[in-house]
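Peer 1: This is the structure alone, sequence omitted:
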């Protein structure tokens, strides 16, 4: 915490009393109006102006023991970057973010800050019920965007090249975070990606109105500049085996291959035409650009679209359907809104855009026409019972109470399972009952010493930032392991 | 990357391409497929690998022009590159010595059958291949098939070559002539595989069908390729592409194959109007 004692920062703290800082109102994020945005793919959140960012940064008390840092899976030095914003040193703020986060512009947009750093903010420890945390996420985004649009992108300092080859499987948030850390430590990192584009779920999953592709590309370009190499269209376990990688001289492997397989509910009519997984729907729109007439990839443009599920992916799907012209875009969720796992901001945005929330409803059957195309969904009406193992009140069927809803498209978004390609292709790798790779939770090391893993292939379905945290921890641990094993010795 | 080293027309609408893809050539086995994407706006489509030469680093694909994307691939020429090519995908064919095996191919389905027949033959099976197509011009790879088969029966719908009749007539003939058939492998249009499956079920011949459904990623991520097998939903890309034909719901599969037919036909009309057809040699 030496930084906290730097002269400028001590002065800055003294400039304003803590009481006055807490009295300041949290800034509101400027947004595209619901009318405009429900007809376009433009980004919803517009970002803070420098004046707004400085004003918001003033709210931070620069705590001696900042809870926010503990709430961050990659332990960003949050007070330091915020205080740099307050004093107008935006580029320095961005540099601090990049010390620990490989993708600050991404995290500033898609992290559930309200459940992480912001939930630990000192503002929330006051007794006032109207207290709001410092908008750490907005400020993170501001600093990262400032650096990007300012054109002065700093390449993080890297250790001298050590010539040790490291492979990363998958170019999603876990893999990118791992690759960035290892490159900084001087390793020669190659990222292998199965799809034709780099970015994993950041490209195929999260829609552009939440995370524009240019933002992801800039972060990938930054990694390239630190020396990370990317190989698209290469499936480890298929195109090349892990043995091939060893033979090519790779001495460590990080598996960040994600939670690939979409879950279905195994109910009648689920294979009718027009019923698809959110992965398929979002991949067609986001990765394949299918809604554009120039694209060869087809996609259904539904007028009455039901999205099954209450998570962020369900919100992404339903809001996409709305933007593509759905007259009715419905969320069908078996519990009540209170139990919904989606971020509050996504739910709020969805409602403003005219999404219908049909909660306490569960699909039990899809019906179709003579051509096999879905026309209706039969919903079981539910009520809330006792809490289940997740701590949330469990949905219970109300006997005999059903509803038939007309639909022409259904997007099933009820979770994903780990992609079995990597686990199946590596002999001796320990796999959990759920199909995830078993790792030591501190080091992210698998049952095979030179293979580490992180993200959804370990967690089964979590967030971008948790995946990034895994990548970072794995990098530190792999670095320790390799430094203890001289290059001429077999691990 | 992915350069086309030779192109051959099997018929007006069926093209054979040899493509430089050393890693795939080395790792592929019979039954595997690749995903191909052309250009920035291209669609990802699955194509089964027909042959490979690991020494030369070349794989062979046989493509029939059916929709926009396959038409664009067929229009490529020697020296052109395929923008994106990934594989090998799917589970390889299970090869063992069964005894007598019937390989029932329809049209362009002969291409993916070739490496399977070859592997079965090498494993010591008596391989009887039935090549079926609408008409003489659509019978492909006959000589290559003869080299890996103990017997080849050619069937055409119009009788222009071989015997007149459908692939199922060929199977009936074989059932009469052979003491016992231990396995049938079938690759072709879904409707053909459905009738092969119905017939072999009647004769209680274990049957494997290689399915070619709509896919996006080909790695299990999207689920577009799902089919019902034995009452359970399976993904063709990671659980297949080969399944017990007697358990496959072919009617559902055919419905799902037609999911984007209207959109495809509209795209196809646009493609043909823009004159891309002229790039055909």
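Peer 2: Cool, the structure landed. Since we're looking at a predicted model, the values are computed, not measured. Numbering: from 1, shown residues only, chains lettered A, B, ... in the order given.

Peer 1: all contacts plus neighbour counts: C-alpha atoms, from now on.
Peer 2: Noted.

Peer 1: interface residues of the stretch 101-250 of chain B facing chain A?
Peer 2: Proximity of the stretch 101-250 of chain B to chain A, by Cα under 8 Å from any Cα of the partner chain, involves residues B:216, B:217, B:219, B:220, B:221, B:222, B:223, B:224, B:226, B:227, B:233.

Peer 1: go with 7 Å
Peer 2: Residues of the stretch 101-250 of chain B lying near chain A by Cα under 7 Å from any Cα of the partner chain: B:220, B:221, B:222, B:223, B:224.

Peer 1: Most neighbours among the residues you listed, please name it.
Peer 2: For these, the largest number of neighbours (other Cα atoms under 10 Å in any protein chain shown) sits with residue B:223, at 30 neighbours.

Peer 1: quick one: it and residue B:235 touch, right?
Peer 2: Yes: Residue B:223 is within contact range of residue B:235, at 6.2 Å (criterion: Cα atoms under 7 Å).

Peer 1: Please identify which helix or strand holds residue A:290.
Peer 2: For residue A:290, there is no host helix or strand (DSSP states H and E).

Peer 1: Please name the residues that touch it.
Peer 2: Counting by Cα atoms under 7 Å, 6 or more residues apart in numbering or on different chains, residue A:290 touches A:284, A:297, A:298, A:299.

Peer 1: Which of these sits closest to residue A:316?
Peer 2: Minimum distance to residue A:316 across these is 13.2 Å, recorded for residue A:284 (Cα to Cα).

Peer 1: beta partners for the closest residue to residue A:402 other than its chain neighbours?
Peer 2: In space, and not counting its chain neighbours, residue A:402 is closest to residue A:380: 4.6 Å by Cα to Cα, 6 or more residues apart in numbering or on different chains. Residue A:380 has these beta-bridge partners by DSSP bridges: residue A:362, residue A:402.

Peer 1: Dump the contacts of residue A:290 to a markdown table, plus secondary structure, pLDDT and neighbour count.
Peer 2: A markdown table is the format used below for the contacts of residue A:290 (DSSP: H, G, I helix; E, B strand; the rest coil; pLDDT from 0 to 100; neighbours: other Cα atoms under 10 Å in any protein chain shown):
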| residue | secondary structure | pLDDT | neighbour count |
| --- | --- | --- | --- |
| A:284 | helix | 93 | 24 |
| A:297 | coil | 88 | 25 |
| A:298 | coil | 86 | 22 |
| A:299 | coil | 86 | 19 |
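
Peer 1: which one among those gets closest to residue A:249?
Peer 2: Relative to residue A:249, and with distances defined as Cα to Cα, the nearest of the contacts of residue A:290 is residue A:284, at 36.6 Å.

Peer 1: for that closest one, what are its contacts?
Peer 2: Counting by Cα under 7 Å, 6+ apart, residue A:284 touches A:290, A:299.

Peer 1: what distance separates stretch B:242-255 from the middle of the whole chain?
Peer 2: The chain centre lies 15 Å from the centre of stretch B:242-255; the measure is Cα atoms, centre = their mean, to the nearest Å.

Peer 1: distance between the ends of that stretch?
Peer 2: 19 Å (Cα to Cα, to the nearest Å).

Peer 1: again with stretch A:430-448
Peer 2: Using Cα to Cα, one end of stretch A:430-448 lies 8 Å from the other.

Peer 1: can you list the residues of the stretch 151-300 of chain A near chain B?
Peer 2: So the stretch 151-300 of chain A meets chain B at A:196, A:233-234, A:238-240, A:260-262, A:273, A:276-277, A:279-280, A:294-298 (Cα under 7 Å from any Cα).

Peer 1: in chain B, which helix or strand is least confident?
Peer 2: helix B:261-273 (a mean of 69; mean pLDDT, DSSP states H and E).

Peer 1: Summarise which helices and strands whichever strand or helix holds residue A:139 is packed against.
Peer 2: Taking DSSP H and E as the criterion, residue A:139 maps to helix A:136-150. With contacts defined as 3 or more Cα pairs under 7 Å, 6 or more residues apart in numbering or on different chains; DSSP states H and E, helix A:136-150 has these neighbours: helix A:90-100, helix A:104-110.

Peer 1: So what touches it?
Peer 2: Contact with helix A:136-150 is made by A:47-48, A:53, A:90-91, A:93-94, A:104-105, A:108-109, A:113, A:118, A:153, as judged by Cα under 7 Å, 6+ apart.

Peer 1: which one of those residues is nearest chain B?
Peer 2: Chain B lies nearest to residue A:109 out of these, by Cα to the nearest Cα, at 24.1 Å.

Peer 1: What count of nearby residues applies to the closest one?
Peer 2: The burial count assigned to residue A:109 is 20, neighbours taken as other Cα under 10 Å.

Peer 1: residue contacts, it?
Peer 2: A:141, A:210, A:211.

Peer 1: Would you confirm that residue A:477 contacts residue A:442?
Peer 2: No: using Cα under 7 Å, residue A:477 is not in contact with residue A:442; the gap is 8.3 Å.

Peer 1: Near chain B, which residues of the stretch 301-450 of chain A? Just list them.
Peer 2: Checking the stretch 301-450 of chain A against chain B by Cα under 7 Å from any Cα, the hits are residue A:372.

Peer 1: How are the helices of the stretch 301-450 of chain A distributed by residue range?
Peer 2: Applying DSSP state H, counting those that start in this stretch to the stretch 301-450 of chain A gives helices spanning A:312-323, A:344-352, A:421-425.

Peer 1: Also the stretch 51-200 of chain B?
Peer 2: Shown for the stretch 51-200 of chain B, the helices assigned by DSSP H, counting those that start in this stretch span residues B:68-74, B:110-122, B:142-148, B:167-177, B:190-202.

Peer 1: Pick the most buried one from the ones you listed.
Peer 2: Mean neighbour count (mean count of other Cα atoms under 10 Å in any protein chain shown) peaks for helix B:110-122 among the helices of the stretch 51-200 of chain B, with a mean of 24.

Peer 1: tell me which helix or strand of chain A sits lowest on mean pLDDT?
Peer 2: Per-SSE averages on chain A (mean pLDDT, DSSP H and E): minimum helix A:421-425, a mean of 80.

Peer 1: nearest spatial neighbour of residue B:28, skipping sequence neighbours?
Peer 2: Going by Cα to Cα, 6+ apart, residue B:28 has residue B:88 as its nearest residue, at 5.4 Å.

Peer 1: Correct me if wrong: the one you found contacts residue B:25.
Peer 2: No: with contacts counted by Cα under 7 Å, residue B:88 stays clear of residue B:25, the gap being 8.5 Å.

Peer 1: and residue A:7, how many neighbours?
Peer 2: 9.

Peer 1: Quick check: it vs residue B:197, distance?
Peer 2: Distance check for residue A:7 against residue B:197: by Cα to Cα, it reads 82 Å.

Peer 1: Likewise for residue A:104?
Peer 2: Counting by Cα to Cα, the separation of residue A:104 from residue B:197 is 55 Å.

Peer 1: Low-confidence stretches in the stretch 151-300 of chain A?
Peer 2: Residues of the stretch 151-300 of chain A meeting the criterion pLDDT under 70: A:151.
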